[in-house]
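J.: Just the structure for this:
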Amino acid sequence: MRALRRAVRASILDRRAHSELFFDADATADAVLLVAAISAVTYAASVVRIIGFRFLTITNLLEYVIYGLIAWLILSAATWFVATRLFGGSGQMQTMIRLHGHCELPLLLAIFGDVLGGIGLAWSLVAKIVATSEAASIDTAKSVASVLVGFALVLLIRLVFRLPFLVLGSLF
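T.: This next block holds a predicted model:
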């Protein structure tokens, strides 16, 4: 319950929540569980809403959760790298991962459709900008650039992994 309260506070851009998370190494495990749960709930609710309960499979659910965890880790690691190496910020990657994991809660808006899902994504990215500023001790402009580079990397990796399937799909 404490992790959920912190996630709500982090999502409403409460810098004190990020400061607490900065110093609580145990919150990294909470972040993993939050991201996994948010991915699972988003997938399950979307499938049930769009095509029905009978199409919900454990295999696809686990796949979606794994993709959610990987995307979160790539975004956090890329943001940390840009913030610390390019912009001279400080901090550890684990701290960035922990703070970003608690900013995933707005992604639950995807349950209600694409428009609200897009709003949830933007909201989550804004929360991650605040988290990056706290985790790396850099200003907001550098945090924005760091998060956007990380997000672009996640999109690029998703595209690279989908490309072979798109090409094969067009051949048949």
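
J.: drop to CA atoms for contacts and neighbour counts, all remaining ones
T.: Will do.

J.: Now do the helices in this structure.
T.: Taking DSSP state H as the criterion, the chain carries its helices at 2-11, 15-23, 27-50, 58-81, 93-101, 114-136, 140-171.

J.: Compare those helices and report which one is nearest to L108.
T.: For these, the distance to L108 is smallest for helix 27-50, at 5.8 Å, taking C-alpha to C-alpha.

J.: Against which helices or strands is that closest one packed?
T.: Contact partners of helix 27-50 among helices and strands, from 3 or more C-alpha pairs under 8 Å, 6 or more residues apart in numbering; DSSP states H and E: helix 2-11, helix 58-81, helix 93-101.

J.: and these as CSV, adding distance to D139, mean neighbour count and mean pLDDT?
T.: Shown next, in CSV, are the helices and strands packed on helix 27-50 (distance: least, C-alpha to C-alpha, whole Å; neighbours: other C-alpha atoms under 10 Å; pLDDT from 0 to 100):
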stretch, distance to D139, mean neighbour count, mean pLDDT
helix 2-11, 18, 19, 90
helix 58-81, 14, 19, 94
helix 93-101, 15, 26, 95
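
J.: Among those, single out whichever gets nearest to L116.
T.: Among these, helix 2-11 comes nearest to L116, with 15.4 Å by C-alpha to C-alpha.

J.: could the helices and strands packed on helix 27-50 be laid out in a markdown table, adding distance to F87?
T.: Formatted as a markdown table, the helices and strands packed on helix 27-50 follow (distance: least, C-alpha to C-alpha, whole Å):
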| stretch | distance to F87 |
| --- | --- |
| helix 2-11 | 23 |
| helix 58-81 | 9 |
| helix 93-101 | 15 |
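
J.: for these, which one sits closest to D26?
T.: Among the helices and strands packed on helix 27-50, the nearest to D26 by C-alpha to C-alpha is helix 93-101 (9.1 Å).

J.: contacts for the closest one?
T.: The contact list for helix 93-101, computed with C-alpha atoms under 8 Å, 6 or more residues apart in numbering, reads 18, 21-22, 25, 27-28, 31-32, 34-35, 72-73, 76-77, 79-80, 128, 131-132, 135-136.

J.: could you redo the last one with a cut-off of 7 Å?
T.: 18, 21-22, 27-28, 31-32, 34-35, 73, 76-77, 80, 128, 131-132, 135 (C-alpha atoms under 7 Å, 6 or more residues apart in numbering).
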